[in-house]
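# sequence first, predicted model second:
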Amino acid sequence: MSLEQQVNWPAILVLAGDAELTYFADYLAWSEDPDVNAMLFAEGDKLIDVTGQAIPLNEPGTQVNKMQISKVYVSVDELVEHIRAHQSQLGDCCVAKITIKNYAQGFELLNPDA
């Protein structure tokens, strides 16, 4: 099964050691992103979909077309911590007050078109 079929889009790219999150509305946005296509992933990098499934990009030097899909999930609490760090990096204040009840609410906060 392909990445397009296994990921419940939208999804966010989380790079280890970096608070910045990158939102992808669908597979087309992911597959056509020039930065993603040129990227070599490091241990701890992951793609998190709207159901909380985390696809680890954990083999150093792995490119997009060689990802292995696994059934690992992040909690809503972990997602909110990623969002808080991301918003803090952007200069937002009061990020500790950010709360979400589910994954969809978290993705809504990150959607640049919302």
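Looks like it arrived, so ask away.
# what about this protein, any weak spots by pLDDT?
Applying pLDDT under 70 to the chain flags residues 1-2, 58-71.
# the longest helix in it is where?
When the chain is parsed with DSSP state H, its longest helix is helix 76-89.
# for it, packing partners?
Packing partners of helix 76-89 (3 or more CB pairs under 8 Å, 6 or more residues apart in numbering; DSSP states H and E): strand 21-24, helix 103-110. Any C-beta I mention is one placed from the backbone N, CA and C, and that applies to glycine too.
# tell me the strands beside the shortest one, with direction?
When sheet partners are counted by DSSP bridges, strand 21-24 sits next to strand 11-14 (antiparallel).
# CA atoms only for the partner strand - export them in CSV, please.
The C-alpha trace of strand 11-14 is given here as CSV (Å, rounded to 0.1, in the frame of the first residue of the first chain):
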residue,chain,number,x,y,z
ALA,A,11,-0.6,15.6,7.8
ILE,A,12,2.2,17.5,9.4
LEU,A,13,6.0,17.0,9.0
VAL,A,14,7.9,17.0,12.3
